[in-house]
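Undergrad: Sequence plus the predicted model coming up.
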Amino acid sequence: MKALIVIDVQNDFCPGGALAVNDGDAVVKPINAMMPEFELVVLTQDWHPSGHGSFASSHPGQNAFAVIDMPYGPQVLWPDHCIQDSEGAAFHADLNVTMPAAVIRKGMRPQVDSYSAFFENDRKTATGLSGLLRDRGCRHLTFAGLATDYCVAWSALDAVRLGFDVTVELDACRAIDLEGSLAAALSEMQQAGISLNERQA
Ligand code: VGL
Ligand code: ZN
C-alpha cells in the first residue's frame, strides 16, 4: 500500500505569505495530479499558537533566520507564520483537500517546534502519523510539499528511521534554502536511501 504525505502546502509558505518559499505555489498542481495514484493521502499543517517559541518575535533582540539553542537543540528563528486559524495557516485554495483522509497538525506546543510529520523537534513526542500509516498497511511513502529542506526532509528522514520505504517527489517540492540547507538536505536524504524523484526531468 502506498501513501502520499503532503507537507505544509499552506498560504504562509506560498508567494505573499509570511514565510514565503520561492515558487511555493507551483507544488499544488503536481500534488493534486498525483493524489489519485495513492491508496491513502495525508496532509500536514504547520499550526502554531501565537507567540510560538520558533518565532523570532518571541525572543527579544533576535532576528528572523538566526539560530538559537533551545533545550532540545539548535532552532532557526522564523518570522511569525502559520498561526492557528489564520488565513496564512490555511491550505492553498487550489489544493485538493477532498481526497486526503487525514490532516496531521504540528508545532502546536508553545515551546517546541515540529518540522517532521512524525516527531516534534524534541525528537521524542510522536504525532501519531506512523501508527495511522501502519494501521492502514502503508509501507511505501511518497513525500511532496514545502519546504524541501525543512519539513519535507525531516519527515522523509524520520520515515526511513521508522522503517518505511521512502520517495520524495522533488518536482512537487520547493525549498527555503538557508545557507546551503537544500544541498545538505538532498545529500542527507540520498545517503539515507531515499529515492529522490524528478518526474519532469
Ligand atoms: C517549515 C520552517 C518553519 C516547513 C515550517 O514547513 O518547512 N519551515 N515551519
Ligand atoms: Zn513552523
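TA: It's in. Ligands and ions are numbered 1, 2, ... in the order given.

Undergrad: Using the three-state scheme, assign the most centrally placed residue in the chain.
TA: When Cα atoms, centre = their mean is applied to the chain, the residue found nearest the centroid is C151 (3.0 Å). Three-state assignment for C151 (DSSP: H, G, I helix; E, B strand; the rest coil): helix.

Undergrad: Touching, it and V9? I think so.
TA: No: in this structure C151 lies outside contact range of V9 using Cβ atoms under 8 Å: 10.5 Å. Every residue, glycine included, has its C-beta placed from N, CA and C.

Undergrad: which SS state does the residue lying farthest from the centre of the chain fall under?
TA: Here the chain reaches farthest from its C-alpha mean at G61, the gap being 27.7 Å by Cα atoms, centre = their mean. At G61 the chain is in coil, as set by three-state DSSP.

Undergrad: Distance of it relative to ligand 1?
TA: Applying Cβ to the nearest ligand atom, to the nearest Å, the value for G61 to ligand 1 is 20 Å.

Undergrad: same question, C173
TA: C173 is 10 Å from ligand 1, where distance means Cβ to the nearest ligand atom.

Undergrad: wait, is that residue part of a strand?
TA: Yes: under three-state DSSP, C173 falls within a strand.

Undergrad: Report how many residues lie close to it.
TA: Residues lying near C173 (other Cβ atoms under 10 Å) number 27.

Undergrad: what's the answer for M34, then?
TA: For M34, the neighbour count with other Cβ under 10 Å is 19.

Undergrad: and the gap between it and ligand 2?
TA: In this view, M34 and ligand 2 are 24 Å apart by Cβ to the ion, to the nearest Å.

Undergrad: Common neighbours of C151 and V9, please.
TA: Common contact partners of C151 and V9 (Cβ atoms under 8 Å, 6 or more residues apart in numbering): G145.

Undergrad: May I have the residues that are in contact with C14?
TA: Residues in contact with C14, defined by Cβ under 8 Å, 6+ apart, are 20-21, 24-25, 92, 146.

Undergrad: Quick check: beta-bridge partners of whichever residue of the chain sits closest to ligand 2?
TA: Ligand 2 sits closest to D46 of the chain, with a gap of 4.2 Å, by Cβ to the ion. For D46, the beta-bridge partners are K106 (DSSP bridges).
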